[in-house]
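Colleague: fold the following and give me the result.
(one chain, ligands or ions: 1)
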Amino acid sequence: MPPVITAFERSPDRGQGLARDMRVRWALEEMGLPYEVRLISFHEMKEPAHRALHPFGQIPTFQDGAVALFESGAIVLHLGQTHPGLLPKEPAARARALAWIFAALTTIEPPIVDLQNARLLERDKPWNEARLPLLEHRIHARLSELADHLGEEDWLDGAFSAGDLLMVHVLLRLGPSGLLKTHLSLLDYTARGQARPAYRRAFAAQRAVWEATAPQDP
Ligand code: GTB
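Modeller: Next up, the predicted model:
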């Protein structure tokens, strides 16, 4: 039986591939592994049956035989460790790829999520107007540092790795904010990720879920 992952029945990103199941789909596609998707509603996510898989009542989850996981980073890392294609074999290069996984998830992603929360969920807070430029500045500083590291290279450390997969997906979340537009090399970097056949297959699969459930135009 193929691994089973969970994803939104109706994603708040309206099929833009920004929800975190996309990272897992992309990793599975990079490795050429078949998988099944169990779609769940916001209500089901918070039910005990799902919380048994995910303590925080979220997506994505991953089940493969005896392995049951939550956290998109842990799932991508597990896939990289158990199948060829997303982590270098050479120990020092593999360790650096792990560093980029952590960089994506713990250095770059948190301020991006903070900004999205401030823009979408905290508009009515008295401090919001003062906080937004602060968050934007923090993100620009990180993006400049990331662009400096990337330089003229295609990927963060030699060949495409799980670190690039997660970093590209984290950066794509900035799309609606427009913040990536002034970091041209990072825009190119995300475009390279999106041009990968595995990304395209994963994107099309999650998009098909949105299109199947979205109300059709008359
Ligand atoms: N750290 C966890 C991981 O990486 O797996 C975070 C998991 C998480 O935040 N999951 C979200 C979720 O289940 C979906 S991806 N939320 C429901 C809940 O908490 O009740 C987050 C997401 C949602 C929407 C957009 N978007 O619209 O752009 C982007 C990302």
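
Colleague: for the longest helix along the chain, name the packing helices and strands.
Modeller: When the chain is parsed with DSSP state H, its longest helix is helix 128-150. Counting by 3 or more C-beta pairs under 8 Å, 6 or more residues apart in numbering; DSSP states H and E, the packing neighbours recorded for helix 128-150 are helix 109-120, helix 184-195. (Glycine included, C-beta is placed from N, CA and C.)

Colleague: low-confidence stretches in this structure?
Modeller: Counting by pLDDT under 70, the ranges of the chain that qualify are 216-218.

Colleague: residues from it in reach of the ligand?
Modeller: For the chain, the contact set with the ligand under C-beta under 6 Å from any ligand atom comprises 12-13, 18-20, 45, 57-60, 71-73, 173.

Colleague: now tabulate the helices and strands packed on helix 128-150 in JSON lines and tack on mean neighbour count.
Modeller: What follows is the helices and strands packed on helix 128-150, written out as JSON lines (neighbours: other C-beta atoms under 10 Å):
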{"stretch": "helix 109-120", "mean neighbour count": "16"}
{"stretch": "helix 184-195", "mean neighbour count": "16"}
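
Colleague: which stretch among those comes nearest Phe160?
Modeller: With distances scored as C-beta to C-beta, the stretch of those nearest to Phe160 is helix 184-195 (8.1 Å).

Colleague: give me the neighbour count for Glu36.
Modeller: The burial count assigned to Glu36 is 10, neighbours taken as other C-beta atoms under 10 Å.
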